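> turn this into a structure:
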Amino acid sequence: MRMGHCAPTVMKTLLDASGSNATWPVMLTAGLPGGIGNTGGECGGLTAPLVQFGLELGRVEAEDGLPVVVEAGHDLLARFDDTQGTTQCREIRGTSRVPLRCIAVVREAPAMCAGCVGAPVAGAVGPEARVAYQRLYEHWRERGFHCADAVLSESATSPAPDEELSDAVTAFMGGTLFTGMTCSALTAGVMALGLALGEIENSHARVARMIATMAVRGDAFADRMNAFNRVMNLGHELGEWFEAEFGSTQCRALTRCDFASTADVDEYIDRDGTADCADLARRVAERVSAVVERAATASPHDETGPTS
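Presented below is the predicted three-dimensional model:
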């Protein structure tokens, strides 16, 4: 009720619980509300915990070489889907004027996150999928490629320590944990906008005003209404550009690959799909840098909201 948006609220809660005073992870998640730049994708109740998994577990690998974050993350995805019936923001919030269901998701997310880190379910990733993920991860490591790293390392200057930032985004590869959902380069682009331009909301009164504006169908997402809105709106703009440029925001559609299938992964490797992904990530980073440069010269509190 002091921040008003899902992902940064969950992130701040998790940081408080872990005793961290860092603010950059909150800025990293500033544009993720509304399902990654208000595109309706993965819920902020998922993306913020995945950042926390990365901060806690880093890129430590299991015996087969797959990052431990992947197992814990898939456990979280399964628990979240069992509880909410979906992982997608657009389906959770529906068409309600005030997204009351989102409030329950935000309240439950930190405890769900703690359960997955403290007592992850063994075998959350099935045997074939695990082999496929490991094969792809090893290939990417040999190529020096990681979806989110490729964007964040080339875009605007970040206030986050390089190693910690790299750990934080470990889960964001292959469309979030290899699941083929929102392209992780797009997700990282939205994160980069947050790091470069993000502000942190901390006002009961302003959040109450935003909710009241939602209730009367006003423009609750105008930049001036909440400190997180500006980056969320720029993330939405980035998502629209991305879809127009590449035809989809979904990793599976872009790569034409089910990363849980060893046959698909082998085919992706054989045709050098990584080169296409690296080029896509480079173009996202360039676009982010252009947006940051433009936004730096504009008022941070204009009257606009998302364009669609």
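> mind listing the strands in the chain by residue range?
Read by DSSP state E, the chain holds no strands at all.
> look up how far Glu128 lies from the closest residue to Val121 other than its chain neighbours.
The shortest distance from Val121 to any non-neighbouring residue, by CB to CB, 6 or more residues apart in numbering, is to Asp75 (4.7 Å). Using the backbone N, CA and C atoms, a C-beta is placed for each residue, glycine as well. As for Asp75, its distance to Glu128 is 18 Å (criterion: CB to CB, to the nearest Å).
> settle it for me: which of these two has more neighbours?
Remark: of Asp75 and Glu128, Asp75 carries more neighbours, 22 against 12, as counted by other CB atoms under 10 Å.
> thought that one was touching Ala119?
No - using CB atoms under 8 Å, Asp75 makes no contact with Ala119, being 9.0 Å away.
> contacts made by stretch 182-190 with the rest, please.
The contact list for stretch 182-190, computed with CB atoms under 8 Å, 6 or more residues apart in numbering, reads 31-32, 35-37, 39, 41-42, 47, 147-152, 155, 169, 172-176, 231, 235, 238-239, 242, 246, 249-251, 254, 277, 280-281, 284-285, 287-288.
> kindly recompute the last result at 6 Å.
Contact partners of stretch 182-190, identified using CB atoms under 6 Å, 6 or more residues apart in numbering, comprise 31, 36-37, 41-42, 147-148, 151-152, 172-173, 175, 235, 238, 242, 249, 251, 254, 280-281, 284, 288.
> what does stretch 21-30 give?
Contacts with stretch 21-30, where a contact means CB under 6 Å, 6+ apart, come from 7-8, 11-12, 48, 51, 159-160, 191, 194-195, 198, 200, 228, 231.
> mind saving the C-alpha coords of it as PDB?
Only the C-alpha atoms of stretch 21-30 are listed here, as PDB (Å, rounded to 0.1, in the frame of the first residue of the first chain):
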ATOM      1  CA  ASN A  21      19.300  -2.300   2.400                       C
ATOM      2  CA  ALA A  22      20.000  -2.400  -1.400                       C
ATOM      3  CA  THR A  23      17.700  -0.400  -3.500                       C
ATOM      4  CA  TRP A  24      18.900  -1.300  -7.000                       C
ATOM      5  CA  PRO A  25      16.900  -4.700  -7.000                       C
ATOM      6  CA  VAL A  26      13.700  -2.700  -6.500                       C
ATOM      7  CA  MET A  27      14.700  -0.400  -9.400                       C
ATOM      8  CA  LEU A  28      15.500  -3.500 -11.500                       C
ATOM      9  CA  THR A  29      11.900  -4.600 -11.000                       C
ATOM     10  CA  ALA A  30      10.400  -1.200 -11.500                       C
END
